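[1] Need coordinates for the below:
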Amino acid sequence: MLRPLIAMLMRRGIGYIALRDLLKNIYVEEALRQQPAEASPTDSSISLVTGINRREVKRLREEAAHPADQDIRDPMSGVNMAARVVATWASAAAFRAPDGAPRPLEIHGEGGTLDFDALLRAAKVDVRARTVIGELERAGVVERREDGRLHLLRTSFTPETPREKMLFLAANVSDHLRAALHNLDGNSPVFIERALFHNGLDAAQQAALRPVLAELADKMLRQANETLLGAGQSEGPEATPSPKRRLRLGVYYYDAEAGDAP
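    Predicted coordinates:
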């Protein structure tokens, strides 16, 4: 599990000392998270479970209690917002034409016209349309054409900046790993964590199949999103409230030389 991560860190000039210092913080944070809410763990108890000396634990806890950067905004909020809007546009039946393609949308409709404001309400995004449209245009996902309407160019949103890409990667890989480790521990319910493995495929055949597999993955995710959107809209005003949960459903693909075993 660590080999591809270490290889990437070295390519980016992040050596062992930098990773070690980061790991110290994570060990202390996770040790604190695993304590009961009413508990007040001592530095000694945290030192015992992490293997980090007590003086260092104390320093790390003090730094965490008085962070230098007070900006506590979610750095992924903008990316998640844009991704949710695009997914709703591509998946919700109301925003698709009879052939299944995303409908072009007016920016602000009149008299019940299906417009971008309606899309934001369906995606549960409480941000001004101009702000969201600007983000989608910056990412090259939406185009405003001569007819004045917005056209969706891609059915998925991919972050553009290196920082956004890294945050997106971290969220996806983290949840994938959590699902696998949840199952490894024998917990219930078992999460979906499956993959196909084919070895010895002809390279030319594999190149031809790659776009076919990408289309299958895109179709599956759009259908899953349509199902989830429908489930959310079916909740009536008299529905019994229950705790909210989140989910992430992913598909990944990788190929390499036949001898390049994981």
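
[2] what's the spatially closest residue to Ala92 that is not a sequence neighbour in contact with, if anything?
    Closest residue to Ala92 apart from its sequence neighbours, by Cβ to Cβ, 6 or more residues apart in numbering: Leu229 at 5.2 Å. Every residue, glycine included, has its C-beta placed from N, CA and C. By Cβ atoms under 8 Å, 6 or more residues apart in numbering, the residues touching Leu229 are Thr88, Ser91, Ala92, Ala122.

[3] Arg96 is in contact with the last one, correct?
    Pointing back at Ala122 there. No: Ala122 is beyond contact range of Arg96, at 12.0 Å (criterion: Cβ atoms under 8 Å).

[4] and these two? which has more neighbours close in?
    Ala122 (19 against 16; other Cβ atoms under 10 Å).

[5] now the helices: where do they sit in the stretch 101-250 of the chain?
    116-122, 129-138, 162-184, 203-233 (DSSP state H, counting those that start in this stretch).

[6] Kindly reformat those helices as a markdown table and extend each row with distance to Ile17 and mean pLDDT.
    What follows is those, written out as a markdown table (distance: least, Cβ to Cβ, whole Å; pLDDT from 0 to 100):
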| stretch | distance to Ile17 | mean pLDDT |
| --- | --- | --- |
| helix 116-122 | 46 | 91 |
| helix 129-138 | 37 | 89 |
| helix 162-184 | 20 | 90 |
| helix 203-233 | 39 | 88 |
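
[7] How confident was the prediction at Lys58?
    According to the per-residue confidence, Lys58 scores 95 in pLDDT.

[8] For the contacts of Leu229, work out which two are farthest apart.
    Ser91 and Ala122 (10.1 Å; Cβ to Cβ).

[9] Look up how far Tyr253 lies from Gln206.
    In this structure, Gln206 and Tyr253 are 11 Å apart, going by Cβ to Cβ, to the nearest Å.

[10] No further queries at this time; thank you.
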